[in-house]
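Undergrad: need coordinates for the below:
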Amino acid sequence: MYSAPDSCRGRCHEAFDAHHSCHCNDRCADFGNCCADHESLCHEGFSGRGDAITDAELLTVSEQIYAADINRAQKEDIILNSQSHVSSSETDDQVDRCPEPLYSHVNEQLFSKPTYAAFIRLLDNYERATGHCEEVTDRERAEQDDFLRTIMDTPVLKTLYAFLHSKNRYGSEEEFVADLKNMWFGLYSRSSAEGDSSGFEHVFSGEVKKGQVSGFHNWIRFYLQEKAGLVNYYSYNYDGPWESYPDVLGLQFNWDGYYKEVGSAFIGSSPEFEFALYSLCFISRPGKVCRLSLGGYPLGIQTYSWTKSTYGDGKKFIATAYVASSNRN
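TA: Residues are numbered from 1 along each chain as shown. As a prediction, the model looks like this:
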């Protein structure tokens, strides 16, 4: 016989289910039907799967991850030609104000580093137009596994795992890696096609939906597409305060005929660094701005869950993750 749960453990922010006697979603307090432990388990930053992660802890661990990024670009590795700055009110006019490429120079020896090489191998695995089912081959699954194995050998992911393990979010590295693979690479449907998208595709590789660029928040992908003549850089609306890499840039561009009104990207970060920060924020502050600190400067990262399908015991896929200064997805 079915027994409805009477606790919010493992159920925070779940969708309403009329079969349950008490609820754990964001509006249960409005209807007076929250479970008794909702407040203690589901306050901001807590998913019900471990100990609460405080704002202060996020500032500390993000600085630790920043310091651990030994594969980041050095100042001489990347020369940007940012050219024309625009205001937020000018980002929707689709005017190309920059006659030259964004990247004047990138030391491509970076791309021979194991995590970069494993990341780049993933980028050609996707059909960018939503509405087309993604056919995942055995080779592509092996590339996903190789990427996860490779980044788990870095100080960045070891720092992230140690923190999440200390907060009782994961009992083992194997559990952590399996969850990363599901939340990032698990397929879901952004349109009528079955399995036409994933968090990784959206955030790192980029998609096209309803005639516009969606996602596409990675500097390596941008550089490679610009080098291939497929990206036309238009302008920038935000340049972060960092004097070394990683830095942050908010920018406008055309991707092979499709416009990105406001994008945001780390510049010069390693793939594992971005992957770690986005994962940290998705796990600790899903659907909210996650307040971090990098080299003494504040940074916000916004993540959203995909709410229309789940994996495992009701866990959510990543819908998007991006630096929040651009206020776009």
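
Undergrad: how about the longest strand out of those in the chain: buried residues?
TA: Ranked by residue count, the top strand of the chain under DSSP state E comes out as strand 297-311. Residues of strand 297-311 classed as buried: 299, 300, 301, 302, 303, 304, 305, 306, 310, 311 (neighbour count, 16 or more other CB atoms under 10 Å). Placement of C-beta: from N, CA and C, glycine included.

Undergrad: what's the pLDDT at residue 48?
TA: At residue 48, the pLDDT value in this model is 56.

Undergrad: wait, I meant residue 185
TA: Confidence score, pLDDT, at residue 185: 97.

Undergrad: let me see the contact set for it.
TA: Shown in contact with residue 185 (CB atoms under 8 Å, 6 or more residues apart in numbering): 144, 198, 199, 200.

Undergrad: how much space separates it from residue 77?
TA: The spacing between residue 185 and residue 77, counted by CB to CB, to the nearest Å, is 28 Å.

Undergrad: for the record, mean pLDDT for stretch 18-38?
TA: Mean predicted confidence for stretch 18-38 is 78.

Undergrad: sorry, that was for stretch 104-113
TA: Stretch 104-113 comes out at a mean pLDDT of 98.

Undergrad: got the buried residues for it?
TA: 106, 110, 113.

Undergrad: the helices in the protein, which residues?
TA: Assigned by DSSP state H, the helices in the chain fall at 28-31, 38-41, 55-68, 114-122, 138-152, 155-166, 173-185, 199-200, 219-227, 271-284.

Undergrad: please identify which of the ones you listed is closest to residue 251.
TA: If you check each of these against residue 251 by CB to CB, helix 219-227 wins as the nearest, at 8.3 Å.

Undergrad: give me the helices and strands touching the closest one, please.
TA: Judged by 3 or more CB pairs under 8 Å, 6 or more residues apart in numbering; DSSP states H and E, the packing partners of helix 219-227 are strand 103-106, helix 114-122, strand 231-239, strand 247-255, strand 258-267.

Undergrad: let's see that with 7 Å instead.
TA: strand 103-106, helix 114-122, strand 231-239, strand 258-267 (3 or more CB pairs under 7 Å, 6 or more residues apart in numbering; DSSP states H and E).

Undergrad: re the thing from before, quick one: closest of the helices of the chain to residue 10.
TA: It's helix 38-41; of these, that one is closest to residue 10 (CB to CB) at 9.1 Å.

Undergrad: how is the protein partitioned into domains?
TA: 1-44, 55-324 (the TED database).

Undergrad: most packed of those?
TA: Highest mean neighbour count among the domains of the chain (mean count of other CB atoms under 10 Å): domain 55-324, with a mean of 18.

Undergrad: that one spans what distance, first to last residue?
TA: 16 Å (CA to CA, to the nearest Å).

Undergrad: just stretch 28-35 next, same as before
TA: End-to-end for stretch 28-35, by CA to CA: 9 Å.

Undergrad: how about the contacts made by residue 122?
TA: 143, 144, 147 (CB atoms under 7 Å, 6 or more residues apart in numbering).
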